[in-house]
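Novice: Show me how the following folds:
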Amino acid sequence: MDRNRMAAVGFAFVFALIVAVAVYHEFKVVSTPPPVVIMKQIVVAGGPLPLGTVLTARDLRSIPWPSNAPVSNMFTRMEDAEGRALITSVSENEPILETKLAPKAAGGGLAATIPEGMRAVSAAVNDVVAVAGFVTPGAMVDVLATGNSKDTGNITKTILENVRVLAANQRVESRNGRPETVAVITLLVNPADAGKLVMASNSGKIQLALRNTIDTQAANPPPVLQASIYGLEGPPPVARHLAPPAAKPVPPAPFIVDVISGSKRENKTFPSEKTTGETNGQPEQVH
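Specialist: Residues are numbered from 1 along each chain as shown. The predicted structure is shown next:
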């Protein structure tokens, strides 16, 4: 009995020691204060701001941000962002970044959103041309021109591909993708394409084809002739080459025969014709 009692006492002591160590460890973990996170202020939008907005102090505010998780190109002072225009729309509390602002001397409005070397060209459209109102700012479109050629008749050709819509009417931001009737579309093009767009608008009709914004591949479709649409285009005419007229054969030289009658001698001429007495293509001599 003494041995069993001693074993039980020993087991209880070991168990108590283990529990005491575990409780001490948990108490130490709980009592350890969390690491101190140093915060700093960053500049964010005070509310929803559309593209082209020239920022002022009332458009901005500062919020705390962990210094160990910096955001690239962020601002820590509002005065560094004031007076510059947004080149994209931002939401409330969205950080204002250098990459979202136009250069300091670019001004505001639509002009501030045009990259260097590009042009904004406007064209009058109707509900059909504007793809039933779904051509909104930020959309990507192809431009098709229809005109008349003296050689081919009516023809439609895709003159521009993958062009960004900068504005619809005087708006530079979309309204949740809802269709809206517009009268003017402003497209972002390079100088050469600007000339094509103006020429097509003034000399014929244009049509916009809406495309997926992630589809950037150029299709370069061939021109379409009006005759091919209505099945009037036949095979090309076959050139006829007339054979030159055959040369007239040169008549053979006539035969000259000496005829002697008594003391009288005279020459008589007979036409040269093939006779049954022809030998190797030459007539026999007549004596």
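
Novice: what residues are up against the residue most central in space within the chain?
Specialist: Centroid check for the chain by Cα atoms, centre = their mean gives residue 162 as the closest residue, at 2.4 Å. The contact partners of residue 162, taken as Cβ atoms under 8 Å, 6 or more residues apart in numbering, are 140, 142, 211, 215, 216, 218. All C-beta atoms are positioned from the backbone trio N, CA, C, and that covers glycine.

Novice: Kindly report the same for residue 99.
Specialist: Per Cβ under 8 Å, 6+ apart, neighbours of residue 99: residue 73.

Novice: which SS class is it?
Specialist: Classification of residue 99 by DSSP: H, G, I helix; E, B strand; the rest coil places it in helix.

Novice: just the strands in the protein please.
Specialist: 39-45, 60-66, 119-124, 140-149, 153-168, 184-189, 205-211, 224-225, 255-261, 264-270 (DSSP state E).

Novice: out of these, which comes closest to residue 16?
Specialist: In terms of Cβ to Cβ, the element of those nearest to residue 16 is strand 60-66, at 44.1 Å.

Novice: Domain parsing of this structure, as residue ranges.
Specialist: 39-112, 116-229 (automatic domain parsing).

Novice: how about the ones you listed in TSV, adding mean pLDDT and distance to residue 13?
Specialist: Formatted as TSV, the domains of the chain follow (pLDDT from 0 to 100; distance: least, Cβ to Cβ, whole Å):
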stretch	mean pLDDT	distance to residue 13
domain 39-112	88	47
domain 116-229	83	72
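
Novice: that older thread, tell me the most buried of the strands of the chain?
Specialist: With neighbours defined by mean count of other Cβ atoms under 10 Å, none of the strands of the chain is more surrounded on average than strand 184-189, at a mean of 20.

Novice: Residue 192: neighbour count?
Specialist: When neighbours are defined as other Cβ atoms under 10 Å, residue 192 has 8 of them.

Novice: measure it to residue 58 for me?
Specialist: Going from residue 192 to residue 58 by Cβ to Cβ, to the nearest Å gives 42 Å.

Novice: ok, back up a step: nearest to residue 89, of the strands of the chain?
Specialist: When these are compared (using Cβ to Cβ), the closest one is strand 39-45, at 9.7 Å.

Novice: Just want the angle from the closest one to strand 60-66.
Specialist: For strand 39-45 against strand 60-66, the angle by axes from the mean of the first three to the mean of the last three Cα atoms, to 10 degrees is 140 degrees.

Novice: How far does stretch 248-259 sit from its chain's centre?
Specialist: Relative to its chain's centre, stretch 248-259 lies at 83 Å (Cα atoms, centre = their mean, to the nearest Å).

Novice: now the end-to-end length of it.
Specialist: End-to-end distance for stretch 248-259: 33 Å, by Cα to Cα, to the nearest Å.

Novice: Reformat the domains of the chain as CSV; add distance to residue 15.
Specialist: Output for these, formatted as CSV (distance: least, Cβ to Cβ, whole Å):
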stretch, distance to residue 15
domain 39-112, 44
domain 116-229, 66
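
Novice: can I get the strands of the chain in JSON lines with distance to residue 102?
Specialist: Listed next are the strands of the chain as JSON lines, based on distance: least, Cβ to Cβ, whole Å:
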{"stretch": "strand 39-45", "distance to residue 102": "16"}
{"stretch": "strand 60-66", "distance to residue 102": "16"}
{"stretch": "strand 119-124", "distance to residue 102": "14"}
{"stretch": "strand 140-149", "distance to residue 102": "22"}
{"stretch": "strand 153-168", "distance to residue 102": "14"}
{"stretch": "strand 184-189", "distance to residue 102": "14"}
{"stretch": "strand 205-211", "distance to residue 102": "27"}
{"stretch": "strand 224-225", "distance to residue 102": "40"}
{"stretch": "strand 255-261", "distance to residue 102": "108"}
{"stretch": "strand 264-270", "distance to residue 102": "108"}
